[in-house]
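> would you be able to build a 3D model of this:
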Amino acid sequence: MKNRFLYILSIFIPMIIFNCNNNDEILEDYEQIGKYLYYKNDINILREMISNSCIDSNDNNLLEYTECSIDSIDDENNDGIIDPLEIGFTEWGVNRRLIVLYAPNKGISGKFSENIWDLDKLTKLNLRNNQLSGELPVGIENLSELKELWLDNNMIEGEIYSNFSLLDSLDILSLPYNNFTSISNNLCQTIDSLNYFSLRGNQICNIDTLYDCMIDIVGNNQNCQ
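Residues are numbered from 1 along each chain as shown. Presented below is the predicted three-dimensional model:
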């Protein structure tokens with residue numbers, strides 16, 4: 001019995017020492033907000049989304065609701081400052097990584113964060129009914145666990161590019177009522193495998209360049225003159 005106890009100690013004591021020695025290095029990747037730790041890179045991307053929606057008129061790096069388009073209804077601590085966790089409903093998974101961002105109708109504006117696809121543990125992203133503009137950043141293939149993407153009713157433009165086809169977990173792709181002007185023909189098979197897909201109300205008007213499968217999808221649902 002004694003030998004067994006010593007054997008167990010020989011396993012766990014080095015583990016404890018290892019964890020203690022590496023604790024500071026691990027904590028560098030995290031930020032404490034309130035009582036909890038969050039993965040710092042994910043938090044910084046949320047901050048960038050906030051910054052793109054604001055004008056720091058006081059030049060103090062404290063983005064107040066009065067300086068931003070973001071709705072102040074979620075100012076939970078009533079300090080007038082937009083915190084990363086107040087941009088919408090968030091859910092955090094293993095290793096305190098962001099897995100759900102639900103932020104429709106929040107007044108989020110400006111261009112997409114160039115780093116938004118670094119939220120590579122996301123399973124659901126809902127930014128419907130905001131004022132996001134510009135083109136989709138490259139790198140969406142990083143979101144290998146993404147199941148739902150809702151971007152309805154924004155001002156996103158450019159191409160619905162082929163890299164969506166690399167998202168094997170994707171089940172819902174909702175992109176209606178934006179300013180998209182083209183779509184990759186390589187998405188035919190991907191779109192057919194989704195449970196829900198919509199791109200109505202965009203400006204994909206040159207349908208003579210599309211494959212038959214895409215013409216069927218685009219149909220007469222576009223905002224063409």
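> what residues does residue 181 make contact with?
Contact criterion Cβ atoms under 8 Å, 6 or more residues apart in numbering gives 157, 158, 159, 202, 203, 204, 205 as the residues in contact with residue 181. Heads up, the C-betas are built off the backbone N, CA and C, glycines and all.
> okay, and it sits in which element?
Secondary structure from DSSP states H and E places residue 181 in strand 179-183.
> what pairs with that strand, parallel or antiparallel?
Each strand that pairs with strand 179-183, with its direction, by DSSP bridges: strand 155-160 (parallel).
> now do the next helix or strand after the strand it pairs with: which elements does it pack against?
Remark: after strand 155-160, the chain's next helix or strand is strand 172-174, criterion DSSP H and E. In terms of contacts (3 or more Cβ pairs under 8 Å, 6 or more residues apart in numbering; DSSP states H and E), strand 172-174 is packed against strand 148-150, strand 196-198.
> so for strand 172-174, mean pLDDT?
The predicted model gives strand 172-174 an average pLDDT of 97.
> ok, back up a step: out of the contacts of residue 181, the closest to residue 131 would be?
Nearest to residue 131 out of those is residue 157 (Cβ to Cβ; 12.8 Å).
> look up how far residue 163 lies from that closest one.
Per Cβ to Cβ, to the nearest Å, residue 157 is found 17 Å from residue 163.
> so between the two, which is more surrounded?
A count of neighbours by other Cβ atoms under 10 Å puts residue 163 above the other of residue 157 and residue 163, at 19 against 16.
> quick one: residues contacting the residue nearest to the more buried one when sequence neighbours are not counted.
When the adjacent residues along the chain are set aside, residue 163 lies closest to residue 141, with 4.7 Å between them (Cβ to Cβ, 6 or more residues apart in numbering). Residue 141 is in contact with 117, 163, 166, 167, counting by Cβ under 8 Å, 6+ apart.
> out of those, which end up buried?
A residue is treated as buried here by neighbour count (16 or more other Cβ atoms under 10 Å); on that basis the buried members of the contacts of residue 141 are 117, 163, 167.
> the closest residue to the first one other than its chain neighbours: neighbouring residues, count only.
Closest residue in space to residue 117, ignoring its immediate chain neighbours: residue 139 at 4.1 Å, by Cβ to Cβ, 6+ apart. A count of nearby residues for residue 139, using other Cβ under 10 Å, gives 14.
> still on that earlier bit, most packed of the helices and strands packed on strand 172-174?
Stretch with highest mean neighbour count among those: strand 148-150 (a mean of 20; mean count of other Cβ atoms under 10 Å).
> all set, thanks.
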